[in-house]
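Peer 1: model the following, please.
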Amino acid sequence: MRVLIYSYNYYPEPIGIAPLMTELAEGLVKRGHEVRALTAMPWYPQCEIGQLYQGKLFVTEQCNGVQIERCYVWVRPQRSLTNRALFEISFVSLSFLRALGGWSPDVILLTVPGLPVCVPAAMLGWFYRCPVILNLQDILPDAAIHVGLLTNERLINIFRALEKFAYRSATKISVIADGFTKNLIAKGVSDDKIVEIPNWVDVDFIKPLALENNYFRVKNKLEGKFVVLYSGNIALTQPLETLIDAAKELKDIEEITITIVGAEKALARLQDYREKQGLSAQKVLLLPFEPRDKLPEMLAAADVGMVMQKRDVIDFNMPSKIQVLLASGRAIIASVPATGTAARAVQNSGGGMVVPPEDPKALAEAIRKLYSDRDLVATLGQKGRQYACDNYSFESALERYEKLFATVTGH
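Peer 2: Presented below is the predicted three-dimensional model:
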């Protein structure tokens, strides 16, 4: 089949949707399909276009058999309604023009965030007379409203209308967690239109590695430490201040080091918070992202991996880092709502503990428990690894996407 993957993010962006869409595109190519990836110039998470792509309107690249078609987007580090609107307008308009210049697809896979792009995707589906599959990685605008990013009533109504249009115009909707299904059904979406395909992890790439002589531990002077690691997006849904507050509760145990890996601009905010709490850089270590080929060793450097959410993040967000942490064979502490999709995923895996979100004392207590019970740490890690291999393998997800594409195209 000819597959058009329509995504705001793609390689070489290191986190979020980009690695997932890149792996899916390249996996489809290996199975004999033709793939176009329609995307923006690399911009995330630094919120600035990469140096190699600056000053360009369109770029076409070939990478591992995938034809990558990029367009300019308006990106600024400053968060504002105007900047976000210009970002959406630039991508919606320029990506649509870019899409008209290539071969005709048999199926379009549109990944969300964000919502405005559902309009050109629907138009392309009509133009090419092909089905459009909506892939939900977050449920918008629920996520934006709950974290306070979207507060204007008129804008909320516009985005609600876009959401309804997206669901109505899509041929099928693929969701990554059961909580998403419940959310959509409550909004009137037919159950037979929804397909659950969890995000995956390459269990041959992300795997348990020894702590001894670990590259990341040696580089950052973490040998002999009990490392609690958070790595990934640092945004409005991830209250990393709670993890720093928990570190303050653990000042009496010198061996415990909280390590946070993220975008440098986000780390600057956390550095200010760490200093206000009177914590040293040895207690709360703030580090930039590692190159992707070093990701397995970075994850393996941890004794415990962290998942963080705010208390009102229930059924509209499912962190893809859960699959990655499980595959790394490290115990998880999930500071997330007990009734949310993330909590269910961790509990079902048997690979971690769930504690109340935004509760530093409860989080500190869980870290203490694992620090004092290394057998439990090992058991959780082993169970999580096995669960990832059994339930989140890339080949399984790839087969399910192929089956979905075949269903909607009749191929």
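
Peer 1: how about Val132: what's its closest non-neighbour residue?
Peer 2: Leaving aside its sequence neighbours, Val132 sits nearest to Gly125 (C-beta to C-beta, 6 or more residues apart in numbering; 4.0 Å). Heads up, the C-betas are built off the backbone N, CA and C, glycines and all.

Peer 1: any buried residues in the helix or strand encompassing the one you found, and which?
Peer 2: According to DSSP states H and E, Gly125 maps onto helix 118-128. Of all the residues in helix 118-128, those buried under the rule 16 or more other C-beta atoms under 10 Å are Cys118, Pro120, Ala121, Ala122, Leu124, Gly125, Tyr128.

Peer 1: let me see the mean pLDDT of the helix or strand Ala378 falls within.
Peer 2: Here Ala378 sits within helix 374-391, counting by DSSP H and E. Averaged across helix 374-391, the pLDDT comes to 96.

Peer 1: stretch 212-225 now?
Peer 2: 94.

Peer 1: buried set for it?
Peer 2: Those would be Asn214, Phe216, Arg217, Asn220, Leu222, Lys225, for stretch 212-225 by 16+ other C-beta under 10 Å.

Peer 1: next: stretch 226-234.
Peer 2: Using 16+ other C-beta under 10 Å as the test for burial, stretch 226-234 gives Phe226, Val227, Val228, Leu229, Tyr230, Ser231, Gly232, Asn233, Ile234.

Peer 1: what's across from the first one in the sheet?
Peer 2: With beta bridges defined as DSSP bridges, Phe226 has these partners: Ile256.

Peer 1: follow-up on the earlier one: and the buried residues of stretch 226-234, which is closest to Asn157?
Peer 2: Asn233 (27.7 Å; C-beta to C-beta).

Peer 1: then the closest one would be within a helix, right?
Peer 2: No: residue state for Asn233 (DSSP: H, G, I helix; E, B strand; the rest coil) corresponds to coil; a helix is not indicated.

Peer 1: use 627 as the first number for this chain going forward.
Peer 2: Happy to do that; since the first residue is 627 now, the last one works out to Asn859.

Peer 1: check contacts around it.
Peer 2: Ile641, Gly642, Pro671, Gly888 (C-beta atoms under 8 Å, 6 or more residues apart in numbering).

Peer 1: of those, buried ones?
Peer 2: If we count by 16+ other C-beta under 10 Å, the contacts of Asn859 have these buried: Ile641, Gly642, Pro671, Gly888.

Peer 1: these: which two are farthest apart?
Peer 2: Gly642 and Gly888 (11.7 Å).

Peer 1: shared neighbours of those two, anything?
Peer 2: Contact with both Gly642 and Gly888 is made by residues Pro671, Asn859, according to C-beta under 8 Å, 6+ apart.

Peer 1: give me the pLDDT for the nearest residue to Val743 once chain neighbours are set aside.
Peer 2: Spatially, and ignoring its direct neighbours in sequence, Val743 is nearest to Val718 (5.6 Å; C-beta to C-beta, 6+ apart). At Val718, the model reports a pLDDT of 95.

Peer 1: in which helix or strand does Val718 reside?
Peer 2: Going by DSSP H and E, Val718 is part of helix 707-725.

Peer 1: okay, angle between the next helix or strand after that helix and helix 744-754 too, please.
Peer 2: Downstream of helix 707-725, the next assigned helix or strand under DSSP H and E is strand 733-738. Inter-element angle recorded for strand 733-738 and helix 744-754: 180 degrees (by axes from the mean of the first three to the mean of the last three C-alpha atoms, to 10 degrees).

Peer 1: what residues does strand 733-738 touch?
Peer 2: 627-634, 643, 647, 650, 743-744, 747, 750-751, 754, 756-764, 766, 792, 796, 1027, 1031, 1034-1035.

Peer 1: returning to what we had before: how about the residue nearest to Val758, what does it touch?
Peer 2: Taking C-beta under 8 Å, 6+ apart as the criterion, Gly751 is in contact with Ile734, Pro757, Val758, Ser795, Thr797.

Peer 1: what is the nearest of the buried residues of helix 744-754 to Leu1002?
Peer 2: Cys744 (45.1 Å).

Peer 1: how about the nearest residue to the closest one, chain neighbours excluded?
Peer 2: Ala792 is the one closest to Cys744 (C-beta to C-beta, 6+ apart), at 3.8 Å.

Peer 1: how about Leu913?
Peer 2: Closest to Leu913 by C-beta to C-beta, 6+ apart is Val887, at 4.9 Å.

Peer 1: do Pro638 as well
Peer 2: Closest to Pro638 by C-beta to C-beta, 6+ apart is Pro668, at 5.7 Å.

Peer 1: what values do phi and psi take at that neighbour?
Peer 2: phi -60, psi 130 (degrees, to the nearest 10).

Peer 1: give me the most central residue, the protein.
Peer 2: Closest to where the C-alpha atoms of the chain average out (C-alpha atoms, centre = their mean) is Gly642, at 3.3 Å.

Peer 1: which residues touch that one?
Peer 2: Contacts of Gly642 by C-beta under 8 Å, 6+ apart are Asn635, Tyr670, Pro671, Asn859, Ser946.

Peer 1: one more pass at 10 Å, please.
Peer 2: Taking C-beta atoms under 10 Å, 6 or more residues apart in numbering, we find Gly642 in contact with Tyr634, Asn635, Tyr670, Pro671, Pro739, Gln763, Asp764, Gly858, Asn859, Ala861, Ser946, Lys947.

Peer 1: skip the chain neighbours and tell me the closest residue to the fourth one.
Peer 2: Sequence neighbours aside, Ala889 is the residue nearest to Pro671 in space, at 4.1 Å (criterion: C-beta to C-beta, 6+ apart).

Peer 1: do the same with the first one
Peer 2: The shortest distance from Tyr634 to any residue that is not its chain neighbour, by C-beta to C-beta, 6+ apart, is 5.7 Å, and that residue is Ala666.
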